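*Asks:* Test case, fold it:
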Amino acid sequence: MPRTLRPGQRAELFVIDVGTGEQRLVLSSTELLFEAPNWSPDSDWLIINGDGRLFRIPVAGGTELEEIDLGGVPAINNDHVLSPDGRTIYVSAEDGHLYAVPLAGGAPRRVSNDRGQQFHHYLHGISPDGSTLAYIGLEALPDGRRITNVWTIPAAGGSDTQITDDEYADDGSEYSADGKWIYFNSERASSVPGHAQLFRISGGTLEQLTHDERVNWFPHQAPDGSVVAYVSFPPGTLGHPADVEDVRLRLLDADGRIRELVTLFGGQGTMNVPSWSPDSTRFAYVAYPLS
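*Replies:* Below is the predicted model of the structure:
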């Protein structure tokens, strides 16, 4: 079921300037719990999901959301990405599959293959040339374990490629700006469950990017490749829950230096998907404050 707001809670969509740290409120709602902003390639729109549906709103802000027709796609979750040309949005639906939806209208197309009812696809990234999607494949095993690995699939449809093949908890797979790496978060460096750090992988090369006591999720490299924005949870957090205090949005530069941008009440839905402006100066996020 789609998430809903708690009594006294708001969903707030912000844009933040990474140079100055200045934040601007784009939209606030006490009715719709919206999540996971994408920034359109033409820089004019932010796209968010809520109540199993998809909406857009001008970056400049407003009071009315414009619903995007998904053409009969089952209710979606908060994993969606835009094609580099801005013509197609790819979404993860609650039936476990990935779909391509023309933003100008038209019939959707299922992208993912049928790998059985116990296998679900969770979309996080698209290659810079728009040819390949990066997703997390979740397999529910008969013994109750849930195995997640990094996979890719052609955006036009075709055979899947498994990038990681192990029992470490992986998530948030997303292409680098040059298309050579896939960034993701994983528990493979942790001795206790739930403690994720950031990694990237290219062919047989795996690199760990963060090494701290916090629980780090959803790496998003800026379009110019300069920095990686990510969501950092307090130490001891299990997974990426909603409604957490002291969630921090951070920037990681190529030298490993970390810069704090903002602290908020949120987590799940705050910045699950690529949300950078095309010029790499800003990104969008969602906070969920309680009165």
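*Asks:* Pull the contacting residues for residue 285.
*Replies:* Residue 285 sits next to 13, 14, 16, 37, 249, 262, 264, 266, 270, 271, 275 when contact means C-beta atoms under 8 Å, 6 or more residues apart in numbering. From N, CA and C alone the C-beta is placed, and that goes for glycine too.
*Asks:* What subset of those residues is buried?
*Replies:* Neighbour counting by 16 or more other C-beta atoms under 10 Å classes 13, 14, 16, 37, 249, 264, 266, 270, 271, 275 among the contacts of residue 285 as buried.
*Asks:* Which members of those residues occur in strands, if any?
*Replies:* 13, 14, 16, 37, 249, 264, 266 (DSSP state E).
*Asks:* returning to what we had before: would a markdown table of the contacts of residue 285 with pLDDT and distance to residue 29 be doable?
*Replies:* Compiled in a markdown table, the contacts of residue 285 are given as follows (pLDDT from 0 to 100; distance: C-beta to C-beta, whole Å):
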| residue | pLDDT | distance to residue 29 |
| --- | --- | --- |
| 13 | 98 | 9 |
| 14 | 98 | 13 |
| 16 | 98 | 19 |
| 37 | 98 | 13 |
| 249 | 98 | 20 |
| 262 | 97 | 19 |
| 264 | 98 | 16 |
| 266 | 97 | 14 |
| 270 | 98 | 15 |
| 271 | 97 | 18 |
| 275 | 97 | 18 |
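*Asks:* what's the closest of these to residue 99?
*Replies:* residue 37 (19.3 Å; C-beta to C-beta).
*Asks:* if we can go back for a sec, TSV please, covering the buried ones among the contacts of residue 285 and showing distance to residue 145.
*Replies:* Putting the buried ones among the contacts of residue 285 into TSV (distance: C-beta to C-beta, whole Å) gives the following:
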residue	distance to residue 145
13	36
14	37
16	38
37	32
249	31
264	32
266	28
270	27
271	28
275	31
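*Asks:* Which of the residues you listed sits closest to residue 84?
*Replies:* Distances from residue 84 to those, taken by C-beta to C-beta, are shortest for residue 275, at 15.1 Å.
*Asks:* how many neighbours does the spatially closest residue to residue 226 that is not a sequence neighbour have?
*Replies:* When the adjacent residues along the chain are set aside, residue 226 lies closest to residue 280, with 6.3 Å between them (C-beta to C-beta, 6 or more residues apart in numbering). Residues lying near residue 280 (other C-beta atoms under 10 Å) number 16.
*Asks:* mind listing what's buried in stretch 235-254?
*Replies:* 237, 239, 240, 242, 243, 244, 247, 248, 249, 250, 251, 252.
*Asks:* ok, now which ones touch the residue nearest to the first one when sequence neighbours are not counted?
*Replies:* Nearest residue to residue 237, sequence neighbours excluded (C-beta to C-beta, 6+ apart): residue 215, at 4.4 Å. With contacts defined as C-beta under 8 Å, 6+ apart, the neighbours of residue 215 are 194, 195, 196, 232, 233, 234, 235, 236, 237, 240.
*Asks:* repeat for residue 121
*Replies:* Here residue 121 is in contact with 92, 96, 97, 98, 112, 135, 136, 137, 138, 151 (C-beta under 8 Å, 6+ apart).
*Asks:* mind listing which of those residues are in helices?
*Replies:* Counting by DSSP state H, none of the members of these fall within helices.
*Asks:* All set, thanks.
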